[in-house]
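Q: Got a sequence here, can you build the structure:
(chains A and B)
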Amino acid sequence: MEWHDQRFIRIELCAHNSLNKKGILLFMVTVSAGPFVAGVFCLFQGCWPVLPFAGLELLLVWLALRASLKRGEQRQSISISQDFVTISSQLSVSQAKTRFPRHWTRVKLCGSRFGYYPTRLVFESSGRVCEVGHFLTEQERRALALRLQRLVGNMNDSPALY
Amino acid sequence: MSASHTHDTHAAGHDDHGPMKGWRRWFYATNHKDIGSMYLIFSLVMFLTGGLMAMFIRAELLYPGTQVLDPGTFNSMTTMHALIMVFGAVMPAFTGLANWMIPLQVGAPDMALPRMNNFSFWILPFAFGMLLLTLLVPGGSPAGGWTLYPPLVLQTGDAFPMAVFAVHLMGASSIMGAINVIVTIMNMRAPGMTLLKMPLFVWTWLITAYLLIAVMPVLAGAVTMLLTDHYFGTSFFNAAGGGDPVMFQHIFWFFGHPEVYIMILPAFGVVSEIIPTFSRKPLFGYDAMVYATASIAFLSFIVWAHHMFTTGMPLVGEMFFMLSTMLIAIPTGVKVFNWTATMWKGSISFETPMLFALSFLFLFTIGGFSGLMLAIAPADFQYHDTYFVVAHFHYVLVPGAVFSIMAATYYWLPKWTGHMYNEKMGKLHFWLSTIFVNVLFFPQHFLGLAGMPRRIPDYSTQFADWNFVSSIGGFCFGLTQLLFVYNIISCVRGGVKASDKVWDDASPQGLEWTVSSPAPYHSFEVPPEVK
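A: This is a model prediction of the structure:
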């Protein structure tokens, strides 16, 4: 989400998420019913190894869902004014606000030597570093990096906001 | 601050970037389109591999007597053909279609868990590499049939643990694929894309993913018990140790019957996309289609023992499984009726995807009817383990599942590649496939009714004529598929430019037609608003 004002541009970051808490509960109950009933049925027939496999699988389902949901709960707001870049983060356990002088700030997309690690998008200024958008998908983060590089410019550079 | 203007930014469309170059693009792939393509290519390779094995089987059965394979190798071929076609060709093909189309159809930028997506694909080549390597180990590859019934399967040589491990890997891959599909559909739909607005293909895949999650642990448990019976002295299925070999059959089919629906429900989804497009009408009875799919999925859990009427079970049990199996005909009938009603008074055109969808409709229904015959317990005592069963499930899986995959490929290929395929060659492929699939499998009904058992390399001369016809049909059907491969390769390499809607005069519905052709590497970075 982006707000344009006479004085600054604000970019709100959040991941895609369409499931609410009630939906999560309903989803987990329905998805667990089949493997659980099958596992217990097999257990009573003496074929107990089915149940641990069902448990492992449901654990995997829950971990996958939780990872997706946690990503969706996180929010970051980037305000870019003529003089400052302000980043407000509402992550899963913490809240933080960081402010950088725009003229002395640069945006960097740090790739890994190994292609399979996610990139990291950071603001850097005077030895301080702040990461943004780690919960976005890789392509969203790359697109955001290009957008921010245009808005913030390089070190010792303040491109026009509009 | 005044909120004078709002729009999504992190997704502004001009900041596109391409994929990585070379092998890294594929090995490290997290993009749903890349992974979808890899699944589809993998499944095509497996289809050709499993198909080659089928050619050997039909070559052996061309005449009575042993021709090209010794009996052990023949049994290996039937077992490997089934495992490869089920787990290597059909299931990955549908997972590939899901990877390509689900994010595009629900308006998501990618699958929910892209790294797991990569992992679930890359498990597959190792799993099937290991399975194929069993052909080279002492004792040969598994030859007890894809059902892996003990005690027969425990006679497998060194290949046994390899096959069990391969099955575990295939199961893990399927589970991860299913989790990804569920989380993507549940959590990444575009604003306004409510459940009952989702395309039928997405719905059928959601239900399929539930089925996969429900039954895959059962398969994993079953093959693990086989392994411990073989190597660790347990007696789950060993009667001498107090176990019960028939129990394996119950467990296997508790997995195996829903597995059949895992392979056919996405096919229903594909056909439900194609028929409305080329009939130029909305799908008749959308809600009924969703509920029918869910009903079929539910019923698939309570019919497993119809595969084992001949093992002996109480009359009440036989009645229950017979009637519950027949019940499946009701939601399936709803579907067939709705597809037919969609075409009723429609302005139908017969492009290749529609031809395959229509062929699916007729021939799958034949498979369904022979299934009803097999559901009748007293009749099943006659048909069981004969070629009638082989004809039945091949009608369901080849003109059913495989034809729907071909229909889907022709339907969406221009969207994937940006080029139209060769329509004339597509139609030729359709007609030859449809003719020869019937030449191949229809005579097998007669062979089965006459009493020819399945899984035998040699047979009585009374079965010679229809086996000869069936084998000729098999060879021609196999050769015809080379047209399909050639058409795909030509389309990928170039051709007439496809428009964004591809089927312009048919006005196809769905978000996938709102993006350009070929679909951009990153689509829906701005979530679309669904009205």
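Q: If you average pLDDT per helix and strand, which one of chain B comes out bottom?
A: Averaged element by element with mean pLDDT, DSSP states H and E, chain B has its least confident helix or strand at helix B:23-27 (a mean of 86).
Q: May I see the buried residues of the helix or strand containing B:Ala407?
A: For B:Ala407, the enclosing helix or strand under DSSP states H and E is helix B:403-417. Buried residues in helix B:403-417, defined by neighbour count with 16 or more other C-beta atoms under 10 Å in any protein chain shown: B:403-417. Placement of C-beta: from N, CA and C, glycine included.
Q: Among those, which one lies nearest to chain A?
A: Within the buried residues of helix B:403-417, proximity to chain A (C-beta to the nearest C-beta) peaks at B:Trp416, which comes in at 17.8 Å.
Q: give the contact list for that closest one.
A: Listed by C-beta atoms under 8 Å, 6 or more residues apart in numbering or on different chains, the contact partners of B:Trp416 are B:33, B:37, B:100, B:518-519.
Q: cutoff 10 Å now
A: Applying C-beta atoms under 10 Å, 6 or more residues apart in numbering or on different chains, we find B:Trp416 in contact with B:33, B:36-37, B:40, B:100-101, B:409, B:488, B:491-492, B:498, B:517-519.
Q: So which residue is dead centre in chain A?
A: Of all residues in chain A, the one closest to the mean position by C-alpha atoms, centre = their mean is A:Phe135, 1.2 Å from it.
Q: Would you confirm that that one contacts A:Gln74?
A: Yes: with contact defined as C-beta atoms under 10 Å, A:Phe135 reaches A:Gln74; the gap is 4.6 Å.
Q: Mutual contacts of those two, please.
A: The overlap between the contact sets of A:Phe135 and A:Gln74 (C-beta under 10 Å, 6+ apart) consists of A:13-15, A:91-92.
Q: out of those, who's nearest B:Met130?
A: A:Ala15 (36.9 Å; C-beta to C-beta).
Q: Distance check, that closest one against chain B.
A: Here the criterion is C-beta to the nearest C-beta, to the nearest Å. By it, A:Ala15 lies 9 Å from chain B.
Q: Burial check on that residue, number of neighbours?
A: Applying other C-beta atoms under 10 Å in any protein chain shown, we find 22 other residues in the vicinity of A:Ala15.
Q: show me the residues around the residue nearest to B:His419 when sequence neighbours are not counted that make contact.
A: Nearest in space to B:His419, with sequence neighbours left out and distances taken as C-beta to C-beta, 6 or more residues apart in numbering or on different chains, is B:Gly495 at 3.6 Å. Under the criterion of C-beta under 10 Å, 6+ apart, the contact partners of B:Gly495 comprise B:413-414, B:417-422, B:487.
Q: can you pull the contacts of B:Met319?
A: With contact set as C-beta under 10 Å, 6+ apart, B:Met319 has these partners: B:Ala377.
Q: can you check the one 4 residues further on too?
A: With contacts defined as C-beta under 10 Å, 6+ apart, B:Leu323 is in contact with B:303, B:375, B:377.
Q: quick one, what contacts the last one?
A: Going by C-beta under 10 Å, 6+ apart, B:Ala377 touches B:305-306, B:309-310, B:313, B:315, B:317-319, B:321-323, B:325.
Q: Quick check: B:Asp70 vs chain A, distance?
A: Separation of B:Asp70 from chain A (C-beta to the nearest C-beta) stands at 35 Å.
Q: burial of that residue, as a residue count?
A: 12.
Q: Next one, pLDDT for residue 6 please.
A: In the absence of a named chain, chain A is used. Note for A:Gln6: predicted pLDDT of 55.
Q: could you do chain B instead?
A: Reading off the confidence values, B:Thr6 has pLDDT 32.
Q: Same question for B:Trp513.
A: At B:Trp513, the predicted lDDT confidence score is 93.
Q: Verify the contact between it and B:Val502 for me.
A: Yes: using C-beta under 10 Å, B:Trp513 makes contact with B:Val502 at a distance of 6.9 Å.
Q: ok, now how distant is A:Asp157 from A:Glu131?
A: For A:Asp157, the distance to A:Glu131 under the criterion C-beta to C-beta, to the nearest Å works out to 21 Å.
Q: Strands of chain A, start to end?
A: A:2-4, A:8-14, A:75-81, A:84-90, A:95-101, A:106-110, A:120-125, A:128-132 (DSSP state E).
Q: partners of the fourth one in the sheet?
A: Looking at strand A:84-90 with DSSP bridges, its partner strands are strand A:75-81 (antiparallel), strand A:95-101 (antiparallel).
Q: Identify the bridge partners of the nearest residue to A:Gln90 once chain neighbours are set aside.
A: Closest residue in space to A:Gln90, ignoring its immediate chain neighbours: A:Arg75 at 4.4 Å, by C-beta to C-beta, 6+ apart. Judged by DSSP bridges, the bridge partners of A:Arg75 are A:Cys14, A:Gln90.
Q: Neighbours of A:Arg75, how many?
A: Under the neighbour criterion other C-beta under 10 Å, A:Arg75 is assigned a count of 15.
Q: From what I see, it and A:Ser88 are in contact.
A: Yes: using C-beta under 10 Å, A:Arg75 is in contact with A:Ser88, at 8.3 Å.
Q: Tell me which other helices or strands the host helix or strand of B:Ala220 touches.
A: Under DSSP H and E, the secondary-structure element containing B:Ala220 is helix B:200-231. Of the remaining helices and strands, those touching helix B:200-231 by 3 or more C-beta pairs under 10 Å, 6 or more residues apart in numbering or on different chains; DSSP states H and E are helix A:21-44, helix A:50-73, helix B:91-106, helix B:159-187, helix B:245-279, helix B:286-299.
Q: Among the ones you listed, show me which one is buried the most.
A: Between the helices and strands packed on helix B:200-231, helix B:91-106 has the highest mean count of neighbours, a mean of 27, where neighbours are mean count of other C-beta atoms under 10 Å in any protein chain shown.
Q: Restricting to C-alpha, output that helix in PDB.
A: In PDB, the C-alpha atoms belonging to helix B:91-106 read as follows (Å, rounded to 0.1, in the frame of the first residue of the first chain):
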ATOM      1  CA  MET B  91       0.300 -37.600 -10.100                       C
ATOM      2  CA  PRO B  92       3.300 -35.300 -11.000                       C
ATOM      3  CA  ALA B  93       1.400 -34.100 -14.100                       C
ATOM      4  CA  PHE B  94      -1.500 -32.900 -12.000                       C
ATOM      5  CA  THR B  95       0.900 -31.400  -9.500                       C
ATOM      6  CA  GLY B  96       2.600 -29.600 -12.400                       C
ATOM      7  CA  LEU B  97      -0.800 -28.300 -13.600                       C
ATOM      8  CA  ALA B  98      -1.500 -27.200 -10.000                       C
ATOM      9  CA  ASN B  99       1.800 -25.400  -9.700                       C
ATOM     10  CA  TRP B 100       1.300 -23.600 -13.000                       C
ATOM     11  CA  MET B 101      -2.400 -22.800 -12.700                       C
ATOM     12  CA  ILE B 102      -3.500 -22.500  -9.000                       C
ATOM     13  CA  PRO B 103      -1.600 -19.300  -8.300                       C
ATOM     14  CA  LEU B 104      -2.800 -17.900 -11.600                       C
ATOM     15  CA  GLN B 105      -6.400 -18.900 -10.900                       C
ATOM     16  CA  VAL B 106      -6.600 -17.600  -7.300                       C
END
